[in-house]
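A.B. asks: quick check, what structure comes out for this input:
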Amino acid sequence: MAKLYHVPLSPFCRKVRLVLAEKRIECELVEEKYWEQSPDFLRRNPAGKVPVLKLDDRMMAESTPICEYIEEKYPEPPLMPKSAEARYEVRRLVSWFDDKFHSEVTSNLLYERVNKKVMKQGFPDSSNVKAGAKAIKFHLDYMTWLLDQRRWLAGDVMTLADFTAAAHLSSLDYIRDVDWNRSEIVKDWYAKIKSRPAFRGILADQIPGFPQPAHYADLDF
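C.D. replies: Sure, this is the predicted structure:
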């Protein structure tokens, strides 16, 4: 059985969990306090980051290479399109959310509100929280523009780009930091993707000290 060393609210871990679930790959989840830098964990990944996936007798780190490895080894159902142009667009959006969205939004909201408390690193920096709250509006508007032209973020079929965006937004939604009233089209997209069986494990997460919002697991929110 596969084994994933993860943190429940990490969007990078959630992305890998969604891909594993979509491919119907059974996986044991092991919660890892990576900030404690235990010798056992550092042997698995000297970079000291999650996710780390043990699959096919391999120990793998970094969420996007992990997801692309899974896609190549287990191609059904597909999460990458066939054409080079379409695959480029998926990879561009994966980078957009994991780099730009993460640095401007996730790190300023999720990391300030949750990670600092869990890691006992003090109180949230209010200037970072304000910056994240401002930036997420731009990103929701960009998603609205994309989805106004396409059925899914990268085109007419669901891809790794959608799972990447949903991983970030689901983490932020858990701490009530997404204004779903800003864009009906993004809200509909999210309702559609979180209704997939692959999302069930994500929606069942319970974080001590951070109760789920009432709508979190509601598929018709």
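
A.B. asks: now do the contacts for Phe210.
C.D. replies: Counting by C-beta atoms under 8 Å, 6 or more residues apart in numbering, Phe210 touches 9, 114, 174-175. For every residue, glycine as well, the C-beta is placed using N, CA and C.

A.B. asks: Gln206 too?
C.D. replies: Gln212.

A.B. asks: again, but for Ser10
C.D. replies: Contacts of Ser10 (C-beta under 8 Å, 6+ apart): 50-51, 171.

A.B. asks: how about the longest helix anywhere in the chain as CSV, C-alpha atoms only?
C.D. replies: For the chain, the longest helix by residue count, based on DSSP state H, is helix 126-147. Coordinates of each C-alpha in helix 126-147 appear next as CSV, following Å, rounded to 0.1, in the frame of the first residue of the first chain:
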residue,chain,number,x,y,z
SER,A,126,-1.9,41.4,10.5
SER,A,127,-0.2,43.1,7.6
ASN,A,128,0.3,39.7,5.9
VAL,A,129,-3.3,38.7,6.6
LYS,A,130,-4.5,41.9,5.0
ALA,A,131,-2.3,41.4,2.0
GLY,A,132,-3.6,37.8,1.6
ALA,A,133,-7.2,39.0,1.9
LYS,A,134,-6.6,41.6,-0.8
ALA,A,135,-4.7,39.2,-3.2
ILE,A,136,-7.3,36.5,-3.1
LYS,A,137,-9.9,38.8,-4.7
PHE,A,138,-7.5,39.2,-7.7
HIS,A,139,-7.1,35.4,-8.0
LEU,A,140,-10.8,34.7,-7.8
ASP,A,141,-11.4,37.3,-10.5
TYR,A,142,-8.7,35.6,-12.7
MET,A,143,-10.4,32.2,-12.2
THR,A,144,-13.7,33.8,-13.1
TRP,A,145,-12.1,35.0,-16.4
LEU,A,146,-10.8,31.6,-17.1
LEU,A,147,-14.0,29.8,-16.3
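
A.B. asks: ok, the residue nearest to Ser63 when sequence neighbours are not counted to Asn128 distance?
C.D. replies: Leaving aside its sequence neighbours, Ser63 sits nearest to Phe12 (C-beta to C-beta, 6 or more residues apart in numbering; 4.0 Å). Separation of Phe12 from Asn128 (C-beta to C-beta, to the nearest Å): 19 Å.

A.B. asks: more neighbours: those two, which one.
C.D. replies: Phe12 (24 against 16; other C-beta atoms under 10 Å).
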